[in-house]
Structure formats: C-alpha cells, structure tokens
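# Sequence isn't available, so here's the structure alone:
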C-alpha cells in the first residue's frame with residue numbers, strides 16, 4: 001500500500017482490496033465493474049493484475065475510487081516497453097463531482113507513469129452518469145451508447161414505453177409456447193453458449209463478425225465468479241427443451257446490466273429478445289433494482305446508414321433511453337510507444 005499527499009490523498013492497494021471496499025463502492029454509487037468480484041473474475045480470465053485505487057478527502061473519508069488492471073507481458077524486458085494500466089470503467093466519486101473526478105484521474109495517470117506504463121485506458125461500462133470526459137484531457141475518445149430503463153417507474157408505465165410492435169411480439173411468445181426462466185446452474189450456460197455462437201455466425205455473414213471465446217473455462221469463470229456468487233442472472237427463452245435465446249445480466253448495487261446475449265435462428269424469427277428483456281424488467285423491478293441497462297453499441301449506430309442501426313432501433317423500441325458513455329486511451333510515453341511500434345513485428349509473440 002502506498003500513499004501520495006495531495007488535495008485528494010491517493011492510496012493504492014495492489015492485488016488485494018482494502019477492508020470494506022465493496023461497501024465503499026456501493027456507498028459512492030459504484031458498479032459491478034468496481035467490485036472485488038469483478039476484479040477476481042478478470043484475474044481468473046487473465047485480463048490483468050487487479051489494483052484498487054482509493055481517494056480520501058481532507059477528513060480522511062473515501063471520496064473516489066477505481067478498479068484498475070495492470071496489463072503486462074510476463075517477459076521482463078518486453079513488459080517495460082509495453083505495460084498498460086486500464087481502468088475497468090470511470091472512477092466512482094462522491095456526488096458525481098467533476099472536479100473530484102479530474103483530480104483523481106490525474107493521480108491515476110501519475111501512478112501509471114510511476115509503474116512505467118506506456119499506455120493508459122479507461123473503459124466506459126455503466127459510465128453514463130460520469131462527469132469525466134476523456135477527450136478533454138488528452139485521451140483518444142470512443143463513444144458508446146448504453147440503453148437504460150429506470151425501474152422506479154410503475155410496471156404499467158414501463159410497459160407503455162415499449163413500442164407497440166415489441167409489445168405484440170412479447171404477447172405472441174406465450175401463444176407460441178415460449179417460456180422464460182432464470183438459469184442458475186453451470187449446464188444452463190451451455191444454452192447461452194449456443195445462442196451466442198449463432199448470433200456471432202449471423203453477424204459474420206453480415207460482415208459484422210467479432211471474436212467469441214469458446215473454451216469451457218470462459219463459461220466456468222462466469223458460473224464460479226458471477227452466477228454462483230449472486231451477481232449475475234441468466235435469462236433463458238425456451239420452447240420445450242429447445243433454447244431460443246439468452247441474456248446474462250450483471251446485478252450489483254441496484255443496477256442490472258446485460259453482458260452477453262444471443263438468439264438461435266428460430267429465436268430471431270420469434271423475437272425472443274423482446275420477451276427476455278421484459279422478463280428481466282419484471283424480475284429486477286420486483287427485487288428492488290433501480291436501473292436496467294440493455295447493453296451498449298457504438299454511438300455511430302444512431303446514424304441510419306450505420307450497419308448496426310437496426311440494433312440501435314431495436315433497443316430504443318424497448319422503451320430505453322440511450323446514454324452516452326465515453327472510453328479513452330492515452331499514450332503516456334510517446335518515445336517508448338514509437339519504439340514499440342517499430343519493433344512490434346519482433347515483439348508481438350511476447351506482448
């Protein structure tokens with residue numbers, strides 16, 4: 001543990017979270033992406049070494065914090081050229097204070113430099129309420145839209161906000177014999193895997209393919225670190241034993257956020273994602289959650305000519321409101337970055 005004297009006292013905990021970390025996260029409005037469970041999940045997936053960053057005010061009270069992942073090669077020489085510090089999402093701060101966010105981020109950048117990082121990044125999951133705009137501080141910014149529903153509205157109002165065509169799809173599902181359920185066992189994740197694989201194949205045919213982890217270890221980690229520990233819900237749509245679609249939500253501190261989803265060919269035809277969304281709205285509202293987030297997409301999808309505009313329109317028709325979330329990347333050492341680019345062909349197998 002190290003401390004840095006400043007207007008915000010900055011304290012670093014490498015590897016192990018400080019006592020009551022999750023209580024601090026929840027008290028200051030943080031999300032699953034700041035939690036100890038998410039840190040352990042990312043470590044299991046070998047996404048980096050978790051580092052917990054915490055800021056204290058002049059009274060010694062926590063006022064800001066972030067979960068960071070240190071990404072570096074296992075090869076010493078290469079790691080000194082290429083290590084990066086990545087914040088899992090925007091810092092949580094007391095009262096969403098912009099000045100506090102700026103001061104805390106500067107401390108994060110100073111810490112990254114002290115580690116010898118060449119690069120720093122900040123992700124934007126559930127960061128729609130953040131007052132920190134990376135582009136104002138030298139970051140190359142990417143904007144995403146996340147689609148949110150405020151669950152404090154009445155069930156009747158939430159239903160009315162869904163477009164008429166989507167409401168009819170939801171009603172039709174029961175007539176077609178489709179039922180939704182929550183999967184809590186490891187075997188249920190096989191259904192998610194099947195649905196995701198079909199969706200990935202469909203997108204690839206449309207020229208919008210993406211990488212999809214297929215190893216059993218990937219789904220083992222989801223079960224052991226998220227579902228089994230009560231911070232994820234897997235919603236499944238089936239007709240009999242046939243899987244038609246699935247959505248996995250992270251659920252933490254009153255906010256539910258979809259992480260993975262997919263549908264089979266017949267599931268697409270029936271529109272089961274609409275039914276799964278409504279099932280999640282009903283379930284999380286009943287549990288007292290305040291917000292449901294149906295996931296994100298690049299901001300460019302709002303343009304009618306964008307290949308992903310159909311997904312944008314679908315999520316809007318569910319009665320959601322699009323919220324801008326800003327991620328960013330910044331080069332901390334331009335000279336070493338140029339050297340890395342020059343030698344990338346040689347070093348790539350070791351990065």
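Nice, thanks for sending it over. Values in this document were obtained by computation on a predicted structure and should not be read as measured data. Numbering: from 1, shown residues only.
# From now on I want contacts and neighbour counts done on CA atoms only, so please keep to that.
OK.
# helices or strands next to the helix or strand containing residue 330 in the packing?
Using DSSP states H and E, residue 330 sits within strand 321-331. Packing partners of strand 321-331 (3 or more C-alpha pairs under 8 Å, 6 or more residues apart in numbering; DSSP states H and E): strand 119-122, strand 140-150.
# So which of those is the most surrounded?
strand 119-122 (a mean of 23; mean count of other C-alpha atoms under 10 Å).
# Do a quick rundown of the helices in the stretch 1-150 of the chain.
21-27, 36-44, 76-82, 98-114 (DSSP state H, counting those that start in this stretch).
# Rounded mean pLDDT for the first one, please.
Throughout helix 21-27, pLDDT has a mean value of 98.
# ok, and what's touching stretch 262-275?
For stretch 262-275, contacts defined as C-alpha atoms under 8 Å, 6 or more residues apart in numbering pick out 166, 169-170, 173, 180, 192, 194-199, 237, 243-247, 318.
# which stretches of this protein have low pLDDT?
1-7, 73-81, 206-210, 334-351 (pLDDT under 70).
# now do 90
1-8, 15, 72-83, 199-216, 332-351 (pLDDT under 90).
# Domains in it, by residue range?
2-143+326-350, 152-289 (automatic domain parsing).
# Tabulate those in CSV, adding columns for distance to residue 311.
Formatted as CSV, the domains of the chain follow (distance: least, C-alpha to C-alpha, whole Å):
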stretch, distance to residue 311
domain 2-143+326-350, 16
domain 152-289, 11
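# For the helices and strands packed on strand 321-331, give me TSV that also has distance to residue 226.
Listed next are the helices and strands packed on strand 321-331 as TSV, based on distance: least, C-alpha to C-alpha, whole Å:
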stretch	distance to residue 226
strand 119-122	22
strand 140-150	21
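# Please name whichever of those is nearest to residue 17.
Of all the helices and strands packed on strand 321-331, strand 119-122 sits nearest to residue 17, with 19.5 Å by C-alpha to C-alpha.
# Please give the centre-to-centre distance between the closest one and its chain.
Computed by C-alpha atoms, centre = their mean, to the nearest Å, the chain-centroid distance of strand 119-122 equals 16 Å.
# Which other helices and strands does it contact?
By 3+ C-alpha pairs under 8 Å, 6+ apart, strand 119-122 packs against strand 84-87, strand 321-331.
# In the helix or strand residue 276 falls within, which residues are buried?
Here residue 276, judged by DSSP H and E, is contained in helix 272-286. By 16 or more other C-alpha atoms under 10 Å, the buried positions in helix 272-286 come out as 272, 273, 274, 275, 276, 277, 278, 279, 280, 281, 284, 285.
# what about it, distance to the chain center?
19 Å.
# Check stretch 289-301 too.
The answer for stretch 289-301 is 10 Å, by C-alpha atoms, centre = their mean.
# Not counting its own residues, what contacts it?
Outside stretch 289-301, the residues touching it (C-alpha under 8 Å, 6+ apart) are 126, 143-152, 253-259, 277, 281, 284, 306-309, 311-312, 315, 324.
# Going along the chain, name the strands of this structure.
All strands of the chain, identified by DSSP state E, fall at 2-4, 9-14, 49-56, 62-71, 84-87, 92-93, 119-122, 140-150, 179-183, 232-239, 242-252, 255-263, 291-298, 321-331.
# Now render these as TSV, adding distance to residue 156.
Output for the strands of the chain, formatted as TSV (distance: least, C-alpha to C-alpha, whole Å):
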stretch	distance to residue 156
strand 2-4	51
strand 9-14	46
strand 49-56	41
strand 62-71	37
strand 84-87	38
strand 92-93	32
strand 119-122	38
strand 140-150	13
strand 179-183	20
strand 232-239	22
strand 242-252	23
strand 255-263	20
strand 291-298	16
strand 321-331	17
